[in-house]
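**Q** Fold the following for me, if possible:
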Amino acid sequence: MKTFTDEEMGRLLPTAKPYSVVILNRGPRFGDESSPGLIWEHGRRNFGLRDDGVLAVVLPVTDSSDVCGIGVFAATLEETTALMDDDPGVAAGVFTYQVHPCRGFPGDALP
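**A** Residues are numbered from 1 along each chain as shown. Purely as a prediction, here's the structure:
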């Protein structure tokens, strides 16, 4: 692992940009008879948001916890909240979510 100098840190830190991170959780209707179709449409919408460049990283969580996924949005807190409120799974109560402002470095990617 490379050790960064103070000068390198000083050049890199100001390049961070604002993002929003969403933690998607099971909602009260998760697992009922309508949830499979709503989850499918939620996924379809995520593909569209990815294609538009708004949903930079989407990470479905595959354990048995109440956390269903994590998303990193290239959008403000307000824009992300509006997008999430319009999500079919959220609107139907299959999912709930938390949104948090964060900062990240453009160009970061999953390996």
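
**Q** how many neighbours does Asn46 have?
**A** Asn46 has 19 neighbouring residues, counting by other C-beta atoms under 10 Å. Heads up, the C-betas are built off the backbone N, CA and C, glycines and all.

**Q** For this structure, give me the ranges with low pLDDT.
**A** Along the chain, no part satisfies pLDDT under 70.

**Q** which helix is the longest one in it?
**A** helix 35-51 (DSSP state H).

**Q** any idea which helix or strand comes after that one?
**A** Sequence order places strand 55-60 as the next helix or strand after helix 35-51, per DSSP states H and E.

**Q** Output the contacting helices and strands for that following strand.
**A** In terms of contacts (3 or more C-beta pairs under 8 Å, 6 or more residues apart in numbering; DSSP states H and E), strand 55-60 is packed against helix 35-51, strand 67-73.

**Q** For Thr81, find the nearest of those.
**A** strand 67-73 (9.8 Å; C-beta to C-beta).

**Q** ok, and what's touching the closest one?
**A** 19-26, 30, 46, 49, 54-61, 79-80, 83, 95, 102, 104 (C-beta atoms under 8 Å, 6 or more residues apart in numbering).
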